[in-house]
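Novice: What follows is a predicted protein model with its sequence.
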Amino acid sequence: MKKYTKIIYLFLLLFASIGFYSCDSDKKKDATETKKVSDDDKIVDGIHVRTGLKDGKGVLVVAHTCTVCHSADIVMMNRMNEERWNETIKWMQKTQGLWDLGENQKIIVDYLTTNYPMPKATRRANLKNINWYDLK
């Protein structure tokens, strides 16, 4: 009886690991391949319906890559320049299990810096060379 229990346990463990691996590879495959426009990829009034991302060159690559792991809202609220996006992608690859994006990394970074750029400075620059005078 113990012998069969161990065999069944090993079989279930093997089956679960194969299912996990194939699910993970399907996500990567779906995220990096170019897809035909489906109902999930419709653009209405300049907005990708499923994610809320602005339409633009690379929107489907961003939608299929970034939203595999997190909401598009996180992408839209983090406005960074090219250097910071590349650093963030390296961090996600090192610590969060993000796969190598290959040529898609440039497409993603270009899309994000074009459609969600860093905000312009909201404070005025510090005053310089001020000619102060005494109030009497």
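Specialist: All right, it came through fine.

Novice: shaky segments in this protein?
Specialist: Low-confidence segments of the chain (pLDDT under 70): 1-38.

Novice: And the strands in the chain?
Specialist: Secondary structure of the chain, counting by DSSP state E: strands at 43-44, 47-48.

Novice: could you pull out the helices for the chain?
Specialist: Assigned by DSSP state H, the helices in the chain fall at 2-32, 59-66, 72-77, 82-95, 104-115.

Novice: Spit out the contact partners of the residue nearest to residue 105 when sequence neighbours are not counted.
Specialist: Using CB to CB, 6 or more residues apart in numbering and skipping residues adjacent in sequence, the residue nearest residue 105 is residue 89, 6.2 Å away. Yep, even glycine has a C-beta here, placed from its N, CA and C like the rest. Going by CB atoms under 8 Å, 6 or more residues apart in numbering, residue 89 touches 98, 101, 105, 108-109.

Novice: circling back to that earlier point, of the strands of the chain, flag the one that's most buried.
Specialist: Comparing those by mean neighbour count (mean count of other CB atoms under 10 Å), strand 47-48 comes out on top with a mean of 18.

Novice: nearest residue to residue 52 other than its sequence neighbours?
Specialist: Looking at residue 52 with CB to CB, 6+ apart, the closest residue is residue 72, at 5.6 Å.

Novice: The one you found: what's it in contact with?
Specialist: Contacts of residue 72 by CB under 8 Å, 6+ apart are 48, 51-53, 62-63, 66.

Novice: hmm, which of the residues you listed are the buried ones?
Specialist: Among the contacts of residue 72, those buried by neighbour count (16 or more other CB atoms under 10 Å) are 48, 51, 53, 62-63, 66.

Novice: Present the contacts of residue 72 as CSV; the columns should include distance to residue 128.
Specialist: CSV is the format used below for those (distance: CB to CB, whole Å):
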residue, distance to residue 128
48, 45
51, 44
52, 42
53, 41
62, 41
63, 45
66, 42
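
Novice: Looking at these, which one is closest to residue 82?
Specialist: Using CB to CB, residue 62 comes nearest to residue 82 of the contacts of residue 72, at 14.5 Å.

Novice: returning to that earlier point: can you tell me which two in the buried ones among the contacts of residue 72 are farthest apart?
Specialist: Maximum pairwise distance among the buried ones among the contacts of residue 72 (CB to CB): 11.5 Å, between 48 and 66.

Novice: Alright, I will stop here.
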